[in-house]
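1. Generate a structure from the sequence data that follows.
(one chain, ligands or ions: 1)
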Amino acid sequence: MNTDLISFLKKQSHYTPVGDIEEKLELSRDAIFSDVEALIEQGYSIEFHPYLGVKLIDIPDRLLKHEIRDDLNTKVIGRKLEIHDQVASTNETAWQLIEADDELKDGTVVLADTQTQGRGRMGREWHSAAGHGLWMSVVLKVAVPPDKVAFLTAMASLAVANMLQQFIHLPAEIKWPNDVIIRGRKVCGILVEARSNVPDTFVLGIGLNVNQSRHDFPESLRETATSLRLERPGAKPLNRVRVLRPLLFYLERVYDLTRKKKWDKLAKAWSEFVHMGGKYVRLNQGAAEVEGTVVRVHPSEGITLRINGAETTISAESASNIRQIQPPAEASHG
Ligand code: BTN
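-> The predicted structure follows:
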């Protein structure tokens with residue numbers, strides 16, 4: 001693929017006469033025509049006008065390395081990219097890379113178009129519709145004190161929520177502990193893994209639903225899951241590369257704060273996306289169900305609930321399936 005030609009065409013706002021391309025890129029006319037044809041075959045939308053010349057209309061919605069790198073404003077996250085059509089789980093592929101190479105770069109990103117065994121929290125399966133989402137894992141080589149490991153999940157949810165709000169203008173929120181939601185539905189899940197035989201190394205898995213329509217989700221998820229496309233009715237489907245690049249950029253910012261151990265700053269930024277205070281919730285803690293009014297949430301300390309007048313804090317690791325419910329009459333009065 002002629003990436004010089006793509007870069008050149010991207011810089012032109014109008015049609016470019018073939019003669020100009022010949023001169024600037026030192027290519028023959030025939031080579032230009034065959035390169036343009038090859039790009040169109042790869043999914044690039046390119047218009048050719050007999051008098052005006054060539055114009056790049058759009059890039060394909062494909063996880064192409066050179067497109068991801070183009071304009072990628074990061075120094076660590078995504079310096080090395082591993083892109084696959086299909087893997088069992090990008091988290092698993094990331095662990096394989098880590099175990100095969102002691103020198104694997106901090107910030108290496110593994111991406112796949114689809115996963116056959118995408119994994120979620122608590123041994124659950126993660127549904128990864130082919131070509132419809134960003135299924136990715138980031139290798140983080142950083143020493144984090146055990147009581148701060150939950151910050152890795154928090155920093156990732158903060159990056160995703162921030163990117164969705166600032167860049168795609170969607171009302172993203174963080175649902176403690178690790179989900180990013182839009183208008184009450186889950187759009188992104190995060191799974192951070194560590195292995196005892198590999199110190200100071202984590203795999204940060206992010207699953208972001210981008211272009212699914214309702215029927216692309218299994219029936220069991222249709223009421224609770226959403227995608228960026230579903231939240232932008234009438235808008236064109238998003239190109240995943242255009243979502244990925246700012247996401248990597250926002251991840252780099254929060255990772256920088258993590259490496260500098262700016263826990264308070266991260267917690268404050270994170271809590272601005274968590275709108276759970278005062279809500280009455282029920283959650284699973286192991287086999288038990290617990291319910292109460294949310295007093296506060298903190299990335300590493302957990303969720304503090306007021307239950308029958310007393311405060312109880314529950315850690316993220318032990319909690320799942322948190323949902324807002326109607327308070328019993330006495331709880332709603334204090
Ligand atoms: C959850 O909400 O339960 C976490 C879901 C995490 C899914 C992502 S998709 C990319 C990465 N690879 C996996 O196997 N899982 C994570």
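
2. how about the strands of the stretch 1-150 of the chain, start to end?
-> 45-49, 53-58, 81-87, 109-115, 133-141 (DSSP state E, counting those that start in this stretch).

3. which of the residues in the first one are buried?
-> By neighbour count with 16 or more other Cβ atoms under 10 Å, strand 45-49 contains the buried residues Ile46. All C-beta spots, glycine's among them, are computed from the backbone N, C-alpha and C.

4. who touches it?
-> Leu9, Tyr15, Val36, Leu39, Ile40, Val54, Lys55, Leu56, Ile57, Asp58, Ile59, Pro60 (Cβ atoms under 8 Å, 6 or more residues apart in numbering).

5. list the contacts for the fifth one?
-> With contacts defined as Cβ under 8 Å, 6+ apart, the neighbours of Ile40 are Ile46.

6. so what's Glu67 up against?
-> Under the criterion of Cβ under 8 Å, 6+ apart, the contact partners of Glu67 comprise Ile59, Val241.

7. Please report how far the nearest residue to Arg259 once chain neighbours are set aside lies from Leu221.
-> If you skip the residues right next to it in sequence, Arg259 has Val142 as its closest partner in space, 5.6 Å away by Cβ to Cβ, 6 or more residues apart in numbering. Here the criterion is Cβ to Cβ, to the nearest Å. By it, Val142 lies 33 Å from Leu221.

8. residues in this protein within reach of the ligand, list them.
-> Counting by Cβ under 6 Å from any ligand atom, the positions of the chain adjacent to the ligand are 89-91, 115, 118-121, 124, 126, 128, 135-137, 179, 189-191, 205-207.

9. ok now the helix or strand that Arg323 is a member of, how far from the chain's centre?
-> Element membership of Arg323 [criterion: DSSP states H and E] is strand 319-324. Centroid separation for strand 319-324 versus its chain: 21 Å, with Cα atoms, centre = their mean, to the nearest Å.

10. and what of stretch 21-28?
-> For stretch 21-28, the distance between its averaged C-alpha position and the chain's averaged C-alpha position is 39 Å (Cα atoms, centre = their mean).

11. Also stretch 221-232?
-> Stretch 221-232 sits 15 Å away from the centroid of its parent chain (Cα atoms, centre = their mean).

12. Excluding residues flanking it in the chain, which one is nearest Lys261?
-> With sequence-adjacent residues excluded and distances taken as Cβ to Cβ, 6+ apart, Lys261 is closest to Lys148, at 7.8 Å.

13. for Phe217, same thing?
-> Ala225 (5.1 Å).
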